[in-house]
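Trainee: quick one: sequence and predicted model below, then my questions.
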Amino acid sequence: MSADKSTSWSYAEDLPAEDDVLLRARERSFELGVTPISAGVGAVLTVLAAASKAQTVVEVGSGAGVSGVCLLRGLSPQAVLTTIDVDVEHLKAAREAFLESGSPANRTRTISGRAADVLPRLTDAAYDLVFIDADKPNFPGYVEQAIRLLKSGGTLVINDALDKDRVSNPAARDSTTVVLRQVGRAIRDDDRLASAMLPTGNGLLVAVKK
């Protein structure tokens with residue numbers, strides 16, 4: 001990456017202004033050892049949620065509430081966010097962030113459990129947006145479940161899709177990077193989807209179900 005390109009990326013990442021609600025959510029995430037989405041990714045999530053006019057959203061991995069708040073801020077007052085996380089403390093932090101953001105309790109639903117167990121229980125073609133930011137070894141299964149859950153025209157968003165620039169490096173062969181590389185290619189080649197890889201954060205893979 002050229003120096004100018006790197007500077008532009010940094011500028012774009014730092015441009016969003018986060019308020020006290022998001023800053024406190026970030027503090028809680030760091031205390032719990034959770035790596036939250038970047039401010040740039042958060043801004044994109046808000047825009048995608050608003051542009052898609054999503055009414056039903058599933059979030060796989062709570063990020064201690066940072067990503068959920070960003071999604072909620074792009075959703076209409078009638079929309080509902082379902083957040084899945086195996087860690088009850090992460091969900092507790094997410095609920096605290098949602099409350100601080102002013103979202104009524106009936107706009108959010110938190111489910112404690114392994115996403116691999118929870119996702120199959122959700123209704124087919126009932127969701128407008130699915131955001132995946134969880135354990136990467138299970139991404140292939142999560143993606144297939146997400147496609148099942150999405151309505152036609154629904155949006156799939158995968159965080160950290162470039163794995164801190166390792167996905168683009170052919171020499172990087174660790175298991176996580178290999179999985180993300182496979183996921184990216186599988187989504188690109190899936191006739192059910194139209195997709196694009198955004199360099200935001202550590203890579204944001206966005207796809208729309210045809």
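Mentor: It's in.

Trainee: for Val183, list the residues it contacts.
Mentor: For Val183, the set of contacting residues under the criterion of Cβ atoms under 8 Å, 6 or more residues apart in numbering consists of Phe139, Pro140, Val143, Ile158, Ala161, Leu205. C-beta coordinates here come from the backbone N, C-alpha and C atoms, glycine included.

Trainee: mind putting these into TSV with distance to Phe30 and secondary structure?
Mentor: Conversion of the contacts of Val183 to TSV gives the following (distance: Cβ to Cβ, whole Å; DSSP: H, G, I helix; E, B strand; the rest coil):
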residue	distance to Phe30	secondary structure
Phe139	24	helix
Pro140	29	helix
Val143	28	helix
Ile158	23	strand
Ala161	23	coil
Leu205	25	strand
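
Trainee: which among those residues end up buried?
Mentor: The neighbour-count criterion (16 or more other Cβ atoms under 10 Å) marks Phe139, Val143, Ile158, Ala161, Leu205 among the contacts of Val183 as buried.

Trainee: now flag whichever of the residues you listed is closest to Asp87.
Mentor: Phe139 (17.9 Å; Cβ to Cβ).

Trainee: measure that closest one to Ser152 for me?
Mentor: Phe139 sits 23 Å away from Ser152, going by Cβ to Cβ, to the nearest Å.

Trainee: what does the pLDDT read for the residue nearest to the spatial centre of the chain?
Mentor: By Cα atoms, centre = their mean, the mean C-alpha position of the chain lies nearest to Phe131, the distance being 3.6 Å. Phe131 is assigned a pLDDT of 98 by the prediction.

Trainee: where are the low-confidence patches of the protein?
Mentor: 1-2 (pLDDT under 70).

Trainee: recalculate using a threshold of 80.
Mentor: In the prediction, the chain carries residues with pLDDT under 80 at positions 1-4.

Trainee: what's the local residue count around the residue lying closest to Lys151 once chain neighbours are set aside?
Mentor: Nearest in space to Lys151, with sequence neighbours left out and distances taken as Cβ to Cβ, 6 or more residues apart in numbering, is Ala125 at 5.1 Å. By other Cβ atoms under 10 Å, 12 other residues sit near Ala125.
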